[in-house]
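Enquirer: pasting the structure only:
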């Protein structure tokens, strides 16, 4: 077994971690299985990353729209290429989101629905057409995961 040691550093409030007398580097953010975790255990970096990644994919959605692709095919593109980025591993991080994070993620789907369907009132459109908001999908996914484990 490899011994773990907490060694005092120059700052008495912060301990360094070493394994087998090798110091472990302290980082601000790291990616673990596609989920970005920062040292304060907030989801700012993860939300920023997934929103930027999804927004870059919206460019291709717009190109397809300009090419007169049918709305159901555009939605299929969204459901298979963009939405998985926004939902990946959501049971891990969804319950830790604040309102700003939720709004930023939801804004991606609002934008997509405006591009595909011309939807101006997002919530009304979701209710009328039977689509779930990303927040409700996240809550459902978290509950399913919880009850699967229990």
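Expert: Perfect, I can see it now. Just so it is clear, the model here is predicted, and its values are computed rather than measured.
Enquirer: longest single helix anywhere in the chain?
Expert: helix 44-66 (DSSP state H).
Enquirer: quick one: average confidence on the helix or strand just after it?
Expert: Moving toward the C-terminus from helix 44-66, the next helix or strand (DSSP states H and E) is helix 71-77. Taken as a whole, helix 71-77 has a mean pLDDT of 96.
Enquirer: what's the answer for stretch 81-99, then?
Expert: Stretch 81-99 comes out at a mean pLDDT of 93.
Enquirer: which residues touch the nearest residue to residue 53 once chain neighbours are set aside?
Expert: Leaving aside its chain neighbours, residue 53 sits nearest to residue 85 (5.1 Å; criterion: C-beta to C-beta, 6 or more residues apart in numbering). All C-beta spots, glycine's among them, are computed from the backbone N, C-alpha and C. Residue 85 makes contacts with 50, 53-54, 57, as judged by C-beta atoms under 8 Å, 6 or more residues apart in numbering.
Enquirer: thinking again about what came up before, identify each buried residue in the longest helix of the chain, please.
Expert: 45-47, 49-51, 54, 57-58, 61, 64 (16 or more other C-beta atoms under 10 Å).
Enquirer: now flag whichever of the residues you listed is closest to residue 101.
Expert: Distance to residue 101, by C-beta to C-beta, is smallest for residue 47 among the buried residues of helix 44-66, at 4.6 Å.
Enquirer: ok, the closest one - contacts?
Expert: 97, 101, 104-105.
Enquirer: considering those, which possesses the most neighbours?
Expert: Tallying neighbours with other C-beta atoms under 10 Å puts residue 105 at the head of the contacts of residue 47, with 23 neighbours.
Enquirer: where does the protein dip in pLDDT?
Expert: 1-14, 150 (pLDDT under 70).
Enquirer: ranges for the strands of it?
Expert: 4-8, 15-19, 22-23, 29-32, 35-38 (DSSP state E).
Enquirer: name the stretch among these that sits most buried.
Expert: Highest mean neighbour count of the strands of the chain: strand 35-38, a mean of 16 (counted as mean count of other C-beta atoms under 10 Å).
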